[in-house]
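Chemist: Below is the sequence, then the predicted model.
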Amino acid sequence: MPPRAAPPRGQPPAPGRGRGGGRGGRGGGAPRGGGGPPQRGGGFPRGGAPPSQTSGLPAAHIKTVGVTRPDYGSAGKRIGIVVNAFPVVNNAEETIYHYDVVLRRILPEAIQPDNLPSKFNMKLIDRLQDMFPEIFNPRAVFDTKKNMYAVQRQLPLGPTDSREFDVPNPDAAGDGGDGKRPPKMYKVKLTLVNQINTSVLQRFVEQRQSLDENVLTALQALNVVIRMEPNHKYPFNVRSFFTPQGKRDVGAGLELWRGYFQSIRPTIGRLIVNVDISTGMMYKSGTLIDLCLDFLGRGNNPDLLSPTKGFPDRERIRLQKFIGGLKIQIDTGKGKRFRSVRGLSREGAERITFTNNGTQTNVAKYFREILNQTVGKGAMFPLEFCSVPPGQISRRQVPPDVTKKVVEFATMRPVDRFRSIQEGVRLLAYGQSDYVRQFGLTIDTSQPITLNARVLNPPKLQYGQGSKERVIGPRNGSWNMADKKFYLPMTIKNWVIIIYERRFRDDQAQKLVKDFIDACGTVGMIVEDRAPIIKWEQGQGNISNQIKAAGGDCAKKRGAGPNLVVVVLPEGGDDIYKAVKHFGDITMGVATQCLKSQKLGRANMQYWANVLLKVNVKLGGINLIPDHASVSALTDPNTPTIVMGADVMHPPPGSTEIPSYAALVASVDSNVAKYIARTDVQGRRVERIENLDKMCEFALKKCIEYRKGRENTTAPLKRLIFYRDRRWNRVSSDGVSEGQFQDVLDNELPKIREACKRLNILPKITLIVVGKRHHIRLKTQSDGDADRSGNAPAGTVIDQGIGHPTLFDFYLQSHGGLLGTSRSSHYSVLHDDNGFNSDTMQQLSFALCHLYARSTRSVSIPAPVYYADIVCSRAKFHYDPSLNINLSESMTQSSRAESTDPYVAQFRPLNPNQVGNMYFM
């Protein structure tokens, strides 16, 4: 979300929204408020605890967007946790003066404010403050877009509290940098729009005031304050700044820089500044020719960029897209100029002609004779004279071949991450910042804060009959499937194998069949067809016709078509995979399982067990269920419950054609273990789910049908627990996302209710937003409390110290660590008719993290949310692969169109045969 422009947005949310009026009966677990806040044990961790953190709840008159915090959790083992945050003290009550800023070029060219780069905007405001020290004393802070904040005194802008200034281009003494022409001029208009006393923040964190526009503005102002110093020294984006120390070349014209994220956030009883490690993807500095060659992977031969020597136009367009907008330095021998790349010519410098003082010449000759410089023959103007200054952030989508390197660079064990954060805090130099001091802030960066956390007990999980041990208890988020049978194993009646790897031999294929059948027997699945049809095919052919032919052969041989198609993929077989999934999910409605040929060479029983976790649920089976005694809030037969997960996926940056896709996933069985999915296409970058009422109605019908037909019950649903994935990461840097929460309550909750109403059912609805796109990280205070990866153990929950001052929220790290620092998920309860207390809400969310069907490890978010994310990512399979529709790449400038209609028209629904199965696994 872009920075909030003045005048301030609307009024505080209406009273009572989402606060659970008429909550009805209590949920499972202890009565609300019964446990109370945990008591201190052995002294409170360093950094102190505000009194309200352990004893206070919001006053009755306090309003919040969502459910007001009902109590604090008490279940679980206590441990000490270090959090990557530092306490902030507001030393004095200051009045903050908030100004709206409008920046524009003076004619002949009119440029809107949003079209000016942030770095340039900041330089322009610096130049303004240098020119008028009598007005800006002390200096104001600026968010690089639309908002300026002054403290200690109101800026003397005249009787209307508004003034327009003429400011010269801060980047050049003259228009071209040679001093011969006057600089370009810009208009800067400042208008006072609000005055806020910072005491509102203290009242808010002490739970004595509701969140309102003044609180939001004060938070935004303080976040601008702490970013001013590093933003003047280092490359930056909205929330992070980056340093070249330890940078890494990753090819493709890119390098990675280590960055530091910082954000002041309100918590219970105090403000904190959250500091974390981030990664910046930068254009590689040096000559522009070297950058282009590196991007194209063409070595060190500049001739390869020459149009006269066969440089393909499609490569030129791809390169042009990569460097478009890049700031370059041009050295002609008569001074250095800075320009932004707008395009690459089709012809080389020898062939581009123009008239210079009445004489016809070409670019190469002009540079050679007039500027006494030599241009290489056939080179594209002006590559030879251009260099790329360091520290330019690439805002394009991470290339697939670079993604692995980015992940490796960003992966740090908790101890290393927190050490690096401490180093970053020294770069932030809060104590030396005039901006921080003049706003009356003190930030204690000696050590990060420590808090009391709890480790929840995992749910018991139940496997099928024939298991050596039917009910098991996970340990640190994992368990073993040895000697276990699926809870509901399926039968493979007929199946075919299609092999697209030509080097995959017949003996390997026979071993595949044997190992697959043996593995099925181990987990309780039955394979009736012991000699499936095996066919080798060319990946360049028509995949759909090839699979149909194999199915036809099966029907002739067995009397019926296959209910499973197994496909062996070659390395780099992404196009084949896409075609297979479109055929299985959309065209024919048959379960498909793709296997990578390179993995089959070393496949063991563990490999096949993992494959069958997917196959069984694709065929309609259930791998495991939660033990009823562990999660009564989910499986109590007296309160039939449906659990839903929803997500929206947006197109990549720069795309103007591709729409957004929404997914809804819902449980249909009484054990909340079997799910169905619905995908829908909607307006580009629309975050709310537009057709949620229809999607929910569909899911509710399927749930009712399944329970009547398979479980022989017609008991009406009494609970609906709805998890909404949160992708609006751009607005949460100050820890407040009430605008988006309100949108969910205003637009999505009514649609859920409407779907229930249409079917004459009245379940009590609980709506939780869950997100991982935050920067809170955890490390155990004692090494003995950490898991083997050095992370906090699975089940670690915090609802005090870093939570919202008034909203019912908590952080839950539900999975065991593997590599790097694990990321907890943040849960915000927006609506709760069921009246769940903190322990119940945390425990049922933790339990759902253990029900991800294709894993024997708990996952980082509840399974239905994870499923919804997967379903969104599979939107591309709803398009005929022969149409060559690409949902991962933004369009080139020449092919852009503002309409998403072609994508809507070509979107194909799920085949009815797959509606009842977890095909997306």
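Modeler: Received the coordinates, thanks.

Chemist: Run through the residues that contact Pro793.
Modeler: Residues counted as contacts of Pro793 (Cβ atoms under 8 Å, 6 or more residues apart in numbering) are 79, 455, 476-477, 780, 785-787, 813, 816. Where you see a C-beta, it was placed from the backbone N, CA and C, and this is true even at glycine.

Chemist: tell me the SS of it?
Modeler: coil (DSSP: H, G, I helix; E, B strand; the rest coil).

Chemist: Not counting residues beside it along the chain, what's closest to it?
Modeler: Asp787 (4.9 Å; Cβ to Cβ, 6 or more residues apart in numbering).

Chemist: what do you get for Trp495?
Modeler: In space, Trp495 comes closest to Leu564 once its chain neighbours are excluded; the distance is 4.1 Å by Cβ to Cβ, 6+ apart.

Chemist: what's the answer for Ser873, then?
Modeler: Ser873's closest residue in space is Met649 (Cβ to Cβ, 6+ apart), at 6.5 Å.

Chemist: Touching, the one you found and Tyr661? I think so.
Modeler: Yes: counting by Cβ atoms under 8 Å, Tyr661 is a contact partner of Met649 at 4.8 Å.

Chemist: who's more crowded, the two?
Modeler: Each of Met649 and Tyr661 has its neighbours counted (other Cβ atoms under 10 Å); Tyr661 has more, 24 against 21.

Chemist: beta partners for that one?
Modeler: Per DSSP bridges, the residues bridged to Tyr661 are Met649, Val681.

Chemist: so how many other residues sit close to Pro389?
Modeler: Neighbours around Pro389, by other Cβ under 10 Å: 13.

Chemist: Wait, the residue nearest to Trp495 touches Val615, no?
Modeler: Yes: under the criterion of Cβ under 8 Å, Leu564 makes contact with Val615 at 6.8 Å.

Chemist: shared neighbours of those two, anything?
Modeler: With Cβ under 8 Å, 6+ apart, Leu564 and Val615 have common neighbours 492, 591, 593.

Chemist: Read off the pLDDT value for Gly33.
Modeler: On pLDDT, Gly33 comes in at 37.

Chemist: what's the answer for the one 5 residues further on, then?
Modeler: Reading off the per-residue confidence, Pro38 sits at a pLDDT of 35.

Chemist: Check the one 5 residues further on too.
Modeler: pLDDT for Gly43: 31.

Chemist: Please give me every residue in contact with the residue nearest to Trp495.
Modeler: 492, 494-496, 590-593, 615, 618-619.

Chemist: Tell me how many other residues crowd Leu124.
Modeler: Neighbour count of Leu124, defined by other Cβ under 10 Å: 22.

Chemist: Kindly apply the preceding question to Ala629 instead.
Modeler: As a burial measure, Ala629 scores 11 neighbours (other Cβ under 10 Å).

Chemist: thought it was touching Pro459?
Modeler: No: Ala629 is beyond contact range of Pro459, at 9.3 Å (criterion: Cβ under 8 Å).

Chemist: Which parts of the stretch 401-550 of the chain are helices?
Modeler: With helices called from DSSP state H, counting those that start in this stretch, the stretch 401-550 of the chain shows them at 414-428, 434-438, 506-523, 543-558.

Chemist: Dump those helices into CSV; add distance to Arg758 as well.
Modeler: Formatted as CSV, the helices of the stretch 401-550 of the chain follow (distance: least, Cβ to Cβ, whole Å):
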stretch, distance to Arg758
helix 414-428, 49
helix 434-438, 55
helix 506-523, 40
helix 543-558, 37
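
Chemist: tally of neighbours for Asn604?
Modeler: 9.

Chemist: tell me the average confidence for the strand or helix carrying Leu103?
Modeler: Assigned by DSSP states H and E, Leu103 falls within strand 95-105. Averaging pLDDT along strand 95-105 yields 93.

Chemist: Same question for that strand: list its buried residues.
Modeler: 96-101, 103-105 (16 or more other Cβ atoms under 10 Å).

Chemist: same deal with stretch 833-846?
Modeler: Applying 16+ other Cβ under 10 Å to stretch 833-846 flags 833-846 as buried.

Chemist: and what of stretch 218-237?
Modeler: 218-231, 234-237.

Chemist: now do stretch 116-127
Modeler: 116, 119-127.

Chemist: ok, now which ones touch the nearest residue to Gly589 once chain neighbours are set aside?
Modeler: Computed as Cβ to Cβ, 6+ apart, the closest residue to Gly589 that is not its neighbour in sequence is Asn913, at 2.8 Å. Counting by Cβ under 8 Å, 6+ apart, Asn913 makes contact with 588-590.

Chemist: For whatever helix or strand Ile768 lives in, name the packing helices and strands.
Modeler: Take DSSP H and E as the rule and Ile768 turns out to sit in strand 764-771. Using 3 or more Cβ pairs under 8 Å, 6 or more residues apart in numbering; DSSP states H and E as the contact definition, the elements that strand 764-771 packs against are strand 719-725, helix 749-758, strand 825-832, helix 838-848.

Chemist: strand partners of the first one, parallel vs antiparallel please.
Modeler: The one in question is strand 719-725. Using DSSP bridges, strand 719-725 pairs in its sheet with strand 641-649 (parallel), strand 764-771 (parallel).

Chemist: Buried residues in the next helix or strand after that strand, which are they?
Modeler: Once the chain leaves strand 719-725, the next helix or strand it forms, by DSSP H and E, is helix 738-743. Neighbour counts using 16+ other Cβ under 10 Å place 738-742 of helix 738-743 among the buried residues.

Chemist: which one among those gets closest to Ala905?
Modeler: Ala905 has its nearest neighbour among these in Gln740, at 30.1 Å by Cβ to Cβ.

Chemist: rewinding a little: got CSV for the shared contacts of Leu564 and Val615, with pLDDT and neighbour count too?
Modeler: What follows is these, written out as CSV (pLDDT from 0 to 100; neighbours: other Cβ atoms under 10 Å):
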residue, pLDDT, neighbour count
Ile492, 98, 22
Ala591, 98, 27
Gln593, 98, 20
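
Chemist: Kindly report the domain assignment for this protein.
Modeler: The chain is divided into the following domains under the TED database: 95-282+405-443, 286-389, 489-619, 625-791+809-816+824-887+903-908.

Chemist: Out of the helices and strands packed on strand 764-771, the one nearest Ile449 is which?
Modeler: Judging those by Cβ to Cβ, what sits closest to Ile449 is strand 825-832, at 17.1 Å.
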